[in-house]
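Trainee: Sharing a model prediction with you, sequence too.
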There are 2 protein chains.
Amino acid sequence: MKVLVTGGTGFLGRHVARHFVEAGHDVTVFDLAEPHDPETRWVSGNLVDPDACRRATYGVDAVVHLGAVGDVYLAGEDPVLAARVNVVGTATVAEAARTQGVPKFVYASTWEVYGHPEYQPLDEKHRCEPDHPYNITKLAGEQLVRSYAALKGLPAVCLRLGTAFGTGMRPNSVFSIFVERAAAGQPLRIQGGGAQIRQFTHARDIARGFELAAGSALENHFMNLVAAETTTIRQLAEAVVERLPTELEIAEARAGEVPSALVSSALALDLLGWEAERTLAQGLDEIIAERVRR
Amino acid sequence: MKVLVTGGTGFLGRHVARHFVEAGHDVTVFDLAEPHDPETRWVSGNLVDPDACRRATYGVDAVVHLGAVGDVYLAGEDPVLAARVNVVGTATVAEAARTQGVPKFVYASTWEVYGHPEYQPLDEKHRCEPDHPYNITKLAGEQLVRSYAALKGLPAVCLRLGTAFGTGMRPNSVFSIFVERAAAGQPLRIQGGGAQIRQFTHARDIARGFELAAGSALENHFMNLVAAETTTIRQLAEAVVERLPTELEIAEARAGEVPSALVSSALALDLLGWEAERTLAQGLDEIIAERVRR
C-alpha cells in the first residue's frame, strides 16, 4: 500500500511511519521538518498549501493524517496557529485526497474531544464538549473529515487516540520531564497530588491501529483508540523512580490540566480487532534506554 | 459605545451596523467589501490578517463578530475557505480583541450547531453534533471564543442565531428565491413538501440582541437567539403568494436540507431580556417593498 503520513516527522508520526515501513508499505512522509531517519522518503510541505497537498496525495492508497499542532500548551498559547494547522490544514489535506480519489483517509483525533465526562468509561456515544484550543481544533478537524466522508464520498476513519507515549517524545511531556529529572538526580514533582488517571497508549500500538484502519473497508467511522491499562501520574512517577532512583515531591495542579476519565476502546476491538499490546513498563524501559544511550 | 462590526457589509451585518448607529453608538464596519450605505465608517480588512485585526480593535468597547462564510452552500462547496474564515478568522479577531483589552466580544453563532435534535425545543444544554462544514466551523469558532473567555479573560457572549431574514438577503435564500419568482409571475417550488419548520428571526431583532449582549455584564455565556414564531416553508410560500399571486409547486428535497427543530430562547429572555418583536408578516412586507422599489 502506498501511504502518505502527514506530520510524519513528529513524535507520533515517526513511530507510525516506521511501523508502516516495517509492515512492508511504501511510505512517504509529508512534513515541514526533515525526518530524523534519513531512510524515510520525505516531501517537504505545509498542510495549508493546497498545491503541495494535491501533489503529495497523488496516486496514494491511504493518507494517514497526523500533521497538527499536537502540543496542548502551544495550542493554548497560539489558538490561531492551532486553528490554521488543525482545522484549515485538515480540510486542505482532505480536499486534496478527495480530488485525487484517495481510497482511504485516516485522521488522528484525540480522546480529549469529549471534555468533562458525564459517564465513564467514555465511549463514542458520549457528547463532545471540547474546552481548549487543542481539543476544539482537533474535533473540528475530525468533524470536517467526517463531513468529507458523509457528503463528498471520501472514505474516512477517525481514531480518537489515547495519550501517546514512546521514544522521542517532546521535552514538555510528563514522561520526558520525569525521566530527565530522575536521570539528573533531581526530585520528580507530581502535579496536583498525581491522582489523575491516564491510559497511556504506546506509539507503536497506535501505529498498528492506523495500519488496521488504512487497510479496513470502513468508510465513515470514528472510534477511540486508547490502551486499557490505567496509570495514575503518581504511579508513572513511581515507575520512573524504580528505574532511576530519586525523590518524589507533590506540587500544585497546573491550570488547564486535563482531568481524569476512563475511555473504552471496545468499538476499535469490534471494528478493527485492535487492542493495545504494549504495557507502560515496556515503553518506559524503551524511553529510559534511549535516554541512557544519549 | 465604540463598536466594531466585523462582516458589517453582509446581509445581517448591515442590519446590525444600522441598528447600532440608530441606537447612538459609534460604529465601524470591518469587512473585505465596501458597505452599501456610504455613511457607514468602513475599515477594509481581512479577518485572517492579525495586523489588520489589531488595528481595527484598538480602543473599541465591543467587537460584534459577524464576519464569516455565512452561506451554507458556499461552505459546503469550499470547506477550506469556511475553516479559514470561520475558525482562523474568529481566533484572529478574538486574539486581537484580547491583546487590545476589548471589554466585550459578541460572536454570531447559529442554532444549526446542534445538529440532529434529541429533544425539542432545543435549549443550550442540548449536545452539539454539527455535520456540515458550515455548522462545524461556526461551532469551532464559538468554542474558541468561549475558550478565550474561560482561559484568557476575554469577556464574551455567543449568540446562536435563528435563520435571519430581512431586506438585502442573499439571492440564494428561500425568501429571495420565492419573492423573485413570484414577482416574475413564475411558480414557487416547495422543496420536499414544505413541512420543514423554521423560526425565521428578523435581522433587526437579531441586531437588538447583539446590542443587549454588547451592553450586558455577561462575561462567558452562550445562548439561543431565535424568534418564537414558527413557520413552515409552505406557509412562507403561501404568505408570498398572498402578496404576489402566483402558483405553488411541490419539488424534491435538496441534499443537505436542514431538518426541522424547535429552538427555545428562554435563556436569552432571562439573561438579556430579549424576545423577537417583529413578525414574519412585517419582514416579508419589507422585503417585497424593497423588491418593488428596484
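Mentor: Received the coordinates, thanks.

Trainee: Count the residues that sit near the nearest residue to residue A:47 once chain neighbours are set aside.
Mentor: Leaving aside its sequence neighbours, residue A:47 sits nearest to residue A:89 (CB to CB, 6 or more residues apart in numbering or on different chains; 3.1 Å). (Each C-beta comes from the backbone N, C-alpha and C, glycine too.) Applying other CB atoms under 10 Å in any protein chain shown, we find 27 residues neighbouring residue A:89.

Trainee: So residue A:89: helix, strand or coil?
Mentor: With DSSP: H, G, I helix; E, B strand; the rest coil as the basis, residue A:89 sits in helix.

Trainee: List the contacts of it.
Mentor: A:46-48, A:67-68, A:141 (CB atoms under 8 Å, 6 or more residues apart in numbering or on different chains).

Trainee: go on, residue A:163?
Mentor: Taking CB under 8 Å, 6+ apart as the test, what residue A:163 contacts is A:111, A:198-201.

Trainee: got CSV for the contacts of residue A:89, with pLDDT, neighbour count and secondary structure too?
Mentor: Listed next are the contacts of residue A:89 as CSV, based on pLDDT from 0 to 100; neighbours: other CB atoms under 10 Å in any protein chain shown; DSSP: H, G, I helix; E, B strand; the rest coil:
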residue, pLDDT, neighbour count, secondary structure
A:46, 96, 16, coil
A:47, 97, 26, coil
A:48, 97, 21, coil
A:67, 97, 28, coil
A:68, 97, 27, coil
A:141, 98, 32, helix
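
Trainee: how about the residues you listed, which pair is most distant?
Mentor: Maximum pairwise distance among the contacts of residue A:89 (CB to CB): 15.6 Å, between A:46 and A:141.

Trainee: tell me the phi and psi of residue A:123?
Mentor: phi -120, psi -180 (degrees, to the nearest 10).

Trainee: Do I have it right that it meets residue A:226?
Mentor: No: look at residue A:123 against residue A:226 with CB atoms under 8 Å: they stay out of range, at 10.7 Å.

Trainee: what's the distance between residue A:127 and residue B:127?
Mentor: Distance, residue A:127 to residue B:127, using CB to CB, to the nearest Å: 4 Å.

Trainee: same question, residue A:190
Mentor: Relative to residue B:127, and taking CB to CB, residue A:190 is found at 34 Å.

Trainee: between these two, which one's more packed in?
Mentor: Under the criterion of other CB under 10 Å, the comparison of residue A:190 against residue B:127 puts residue A:190 first, with 21 against 16.

Trainee: Parallel or antiparallel, list what pairs with the helix or strand hosting the more buried one.
Mentor: Assigned by DSSP states H and E, residue A:190 belongs to strand A:188-191. Strand A:188-191 pairs in its sheet with strand A:248-251 (parallel), by DSSP bridges.

Trainee: thought residue A:16 was touching residue A:66?
Mentor: Yes: if you go by CB under 8 Å, residue A:16 and residue A:66 touch, sitting 6.3 Å apart.

Trainee: Report the set of residues contacting both of the two.
Mentor: Counting by CB under 8 Å, 6+ apart, the residues touching both residue A:16 and residue A:66 are A:5, A:8.

Trainee: Pull the number of nearby residues for residue A:80.
Mentor: 22.

Trainee: coming back round to it: mind checking how far the next helix or strand after the strand holding residue A:190 is from the chain centre?
Mentor: Per DSSP H and E, strand A:188-191 leads on to strand A:197-198 as the next helix or strand towards the C-terminus. With CA atoms, centre = their mean, to the nearest Å as the basis, strand A:197-198 stands 16 Å off its chain's centre.
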